[in-house]
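Novice: Whatever this is, show me its structure:
(one chain, ligands or ions: 2)
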Amino acid sequence: MKIQIQKLSALASKSLSFLLDQSAPENQVKRQIGLNIGRSSLTACEVSFNGEQLILERVIHKELIKNKPLENQIKDLVQEAKFESKQVNASLKGQGIVVRFLSFPKMNRADFASSIQFEAEKYLPFTISEVVIDYHIFESPTVGGGESADTMQVILVAARKTDVNKLIELAQAAELKLKAVDLDLSALVNAFEHSNPELKGRSLALIDFGAVDSTLAILEKGRLAFSRDIAFGGHDLAEILRRKLNISEEEAFKIEHGPQAAHADQLIVIQESLERLLHEVKSSFNYYYNQNQNASAVETVYVSGGFSQLSMLKEALEKQIELPVKTWDPTSQLTIKDTVDKEALKALIPYLPVSIGLAIRP
Ligand SMILES: Nc1ncnc2c1ncn2[C@@H]1O[C@H](COP(=O)(O)OP(=O)(O)OP(=O)(O)O)[C@@H](O)[C@H]1O
Ligand SMILES: [Mg+2]
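Specialist: Ligands and ions are numbered 1, 2, ... in the order given. Next up, the predicted model:
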């Protein structure tokens with residue numbers, strides 16, 4: 001399917017981001033990079049906009065090297081990828097960001113814009129001077145949210161200025177120009193919506209299982225209705241394996257990545273650790289349903305992220321939340337240029353959603 005420009009603006013209206021540079025006229029954005037700086041890996045995609053087509057031009061993925069400065073690793077990645085563009089979008093996740101789903105009395109946008117500057121602090125664990133805030137106002141009420149015609153639904157996002165500034169510095173060090181700072185969350189949702197047009201308007205959940213945090217997003221009838229970064233990922237499992245089995249980091253890593261054949265004692269540790277994560281997922285769902293009593297039920301959970309490849313994760317998740325769990329391909333609606341190695345791309349699919357969501361931003 002070819003993507004329409006209108007569709008891109010629809011995506012834009014949904015994306016939550018801290019725009020840094022809105023001065024470039026839209027028709028100048030011909031190609032850009034989406035850079036996902038994870039805690040265990042770097043993934044970057046370059047996408048060009050050719051009329052109605054989005055073309056995936058370059059993809060690169062590298063595991064982070066311990067004790068090597070991050071800025072040097074990004075610099076090396078950018079050099080190796082040979083991107084044509086200098087424009088980059090990047091994202092934040094985890095402890096430094098806050099996402100709140102709020103309900104306000106209906107008011108016009110200008111009034112809301114001025115009042116939120118004063119009001120925001122009461123919804124945040126930070127002082128307003130420490131953070132950059134952004135928000136998205138939903139045009140129509142939700143079906144399941146239970147709000148009246150007198151209220152409007154808003155997603156409020158805050159990110160620490162220090163984190164945003166760090167991204168600016170990292171981009172500069174790699175001789176790139178940071179165009180927008182997004183959230184992993186919204187990049188994930190954008191990539192999903194773009195690559196699964198047939199699921200538009202459905203109630204579903206996305207989980208990106210990373211190294212340090214696992215990002216959960218619940219879409220109710222296509223609208224982002226809940227999100228949470230659960231502080232558990234592949235690094236935590238490796239650390240628990242190392243401690244409990246009294247083994248080296250390398251051995252723990254091997255067990256985590258191993259296909260099936262873990263020993264019984266190793267399997268028990270993996271299962272117990274996963275229980276903690278899956279319990280958090282389950283209680284997030286319960287919390288969501290409690291807060292949104294009329295919400296339509298999530299039909300399917302779509303997973304991504306490096307840690308989603310853990311051999312028993314999908315099955316254990318299915319059992320815990322009693323819903324079908326599926327993987328998805330964020331490149332499915334992109335034209336793949338022959339500069340991209342299609343075989344290598346297949347193996348990278350779990351790592352790609354956030355960087356693609358960032359690269360296809362208008
Ligand atoms: N085949 C596999 N089986 C189990 N775990 C895996 C596998 N491949 C990668 N992982 C784990 O997935 C994690 C990395 O995933 P990913 O690259 O998506 O994380 P990240 O984006 O760097 O982290 P974060 O999103 O938390 O910042 C690591 O902890 C890694 O050990
Ligand atoms: Mg990640």
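
Novice: for residue 329, what are its contacts?
Specialist: 195, 349 (C-beta atoms under 8 Å, 6 or more residues apart in numbering). Backbone N, C-alpha and C define where each C-beta goes, glycine included.

Novice: I misspoke; the intended subject was residue 217.
Specialist: 185, 188, 189, 205, 206, 207, 224, 226, 227.

Novice: was I right about the fifth one contacting residue 190?
Specialist: No: with contact defined as C-beta atoms under 8 Å, residue 206 does not count as touching residue 190 (10.9 Å).

Novice: circling back to that earlier point, closest to ligand 2 out of the contacts of residue 217?
Specialist: Nearest to ligand 2 among the contacts of residue 217 is residue 188, at 9.0 Å by C-beta to the ion.

Novice: before we move on, back to that, between residue 206 and residue 190, which has more neighbouring residues?
Specialist: Taking neighbours as other C-beta atoms under 10 Å, residue 206 and residue 190 compare with residue 190 leading, 28 against 25.

Novice: can you give me phi and psi for that one?
Specialist: phi -60, psi -50 (degrees, to the nearest 10).

Novice: So in this protein, which helix runs the longest?
Specialist: Ordering each helix of the chain by length in residues (DSSP state H) puts helix 264-291 first.

Novice: Measure how far it is from the centre of its chain, please.
Specialist: 20 Å (C-alpha atoms, centre = their mean, to the nearest Å).

Novice: Return the distance of residue 242 relative to residue 306.
Specialist: To residue 306, residue 242 is 18 Å away according to C-beta to C-beta, to the nearest Å.

Novice: okay, those two: which has more neighbours?
Specialist: Per other C-beta under 10 Å, whichever of residue 242 and residue 306 has more neighbours is residue 306, with 22 against 19.

Novice: Enumerate the residues of this structure near ligand 2.
Specialist: For the chain, the contact set with ligand 2 under C-beta under 5 Å from the ion comprises 38, 210.

Novice: ok, now with 8 Å
Specialist: 36, 38-41, 93, 184, 208, 210-211, 213, 215, 305-306, 351, 354 (C-beta under 8 Å from the ion).

Novice: Just among those residues, which is most surrounded?
Specialist: Top of the residues of the chain next to ligand 2 by neighbour count (other C-beta under 10 Å): residue 354, with 33 neighbours.

Novice: Hmm, residue 138 is touching residue 223, no?
Specialist: Yes: contact criterion C-beta under 8 Å: residue 138 and residue 223 qualify, at 6.8 Å.

Novice: Surely residue 99 forms part of a helix?
Specialist: No: Residue 99 is assigned strand when assessed by DSSP: H, G, I helix; E, B strand; the rest coil, not a helix.

Novice: Spit out the contact partners of it.
Specialist: 16, 155, 156, 157, 183, 185, 227.

Novice: gap between it and ligand 1?
Specialist: Residue 99 is 16 Å from ligand 1, where distance means C-beta to the nearest ligand atom, to the nearest Å.

Novice: cool, residue 278 as well?
Specialist: Distance from residue 278 to ligand 1, by C-beta to the nearest ligand atom: 15 Å.

Novice: tally of neighbours for that residue?
Specialist: 19.

Novice: tell me the SS of the nearest residue to it once chain neighbours are set aside?
Specialist: Nearest in space to residue 278, with sequence neighbours left out and distances taken as C-beta to C-beta, 6 or more residues apart in numbering, is residue 320 at 4.2 Å. What three-state DSSP gives for residue 320 is helix.

Novice: and the helix or strand where residue 110 lies, which residues are buried?
Specialist: If you go by DSSP states H and E, residue 110 is part of helix 109-119. Within helix 109-119, the residues that count as buried by 16 or more other C-beta atoms under 10 Å are 112, 116.

Novice: Alright, I will stop here.
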